[in-house]
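> structure of the sequence below:
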Amino acid sequence: MISLEEKKLLKDIEIAILSIHDHLNHTLDFNLYQQNKTIRRAVERELEIIGEAINKLLKINTEVKISYARQIVDLRNKVIHAYDNVNNIIIWKIVTKDLPILLSEVNTYLNPDHD
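Next comes the predicted model:
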C-alpha cells in the first residue's frame, strides 16, 4: 500500500510524462524536437520534475521499484546544472525508449488492481 504522498509523487511523474507527449504534439518527431527550442526546454523541464519526484519518492520509500531511478535523478541534475551540455539525442532516447517503461511502472503503483 502506498501512502498519499507517494501517490502524489507518482501522479506528478505520470502528469509530466503525459505533458511531454503534449509538448511534442503527440508525435515522436525528432526533427520537430531538435528544431524547436521551446519544445526542447519544455521537455527538459518535465524531465526535471520527473527526476525530482523520483528523488523524493525514493527518500520516502526505498522499496519502490523504478527502473533506472538513479539515472533519472542524475539526468535531472545534469539538465539543471549542466544545461549547456544537454545532448538532444540522449534526451530523445529517454523520451522514446525509457518514458514508456517508466509510465508503465508508475501506473502499476497507481492502479495496483489492473495488471
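> for the rest of this, base every contact and every neighbour count on C-alpha atoms.
Fine.
> what bits of this structure have low per-residue confidence?
Low-confidence segments of the chain, defined by pLDDT under 70, span residues 114-115.
> quick one: the strands in it?
With strands called from DSSP state E, the chain shows none.
> give me the residue at the spatial middle of it.
Ile50 (4.0 Å; Cα atoms, centre = their mean).
> number of nearby residues for the nearest residue to it once chain neighbours are set aside?
Leaving out its chain neighbours, the residue that sits closest to Ile50 by Cα to Cα, 6 or more residues apart in numbering is Ile13, at 5.0 Å. For Ile13, the count of nearby residues is 25 (other Cα atoms under 10 Å).
> just to check, Ile13 is in contact with Lys56?
No - in this structure, Ile13 is not within contact of Lys56 by Cα atoms under 8 Å, at 11.3 Å.
> let me know the distance separating Ser36 from Leu24.
Just to correct that, residue 36 is Asn rather than Ser. 10 Å (Cα to Cα, to the nearest Å).
> those two: which is more packed in?
Higher neighbour count among Asn36 and Leu24: Leu24, with 19 against 12, using other Cα under 10 Å.
> which residues are contacting the longest helix seen in the chain?
Counting residues, the longest helix found in the chain (DSSP state H) is helix 37-60. With Cα atoms under 8 Å, 6 or more residues apart in numbering as the contact definition, helix 37-60 has outside contacts at 6, 9-10, 12-13, 16-17, 19-20, 23-24, 33-34, 64, 69, 72-77, 79-80, 91.
> drop anything exposed from those.
6, 9-10, 12-13, 16-17, 19-20, 23-24, 33, 64, 69, 72-76, 79, 91 (16 or more other Cα atoms under 10 Å).
> narrow the residues you listed to those in helices?
Mapping those onto helices (DSSP H) picks out 6, 9-10, 12-13, 16-17, 19-20, 23, 33, 69, 72-76, 79, 91.
> so which bits of stretch 94-102 are buried?
Within stretch 94-102, the residues scored as buried using 16+ other Cα under 10 Å are Ile94, Val95, Leu99, Leu102.
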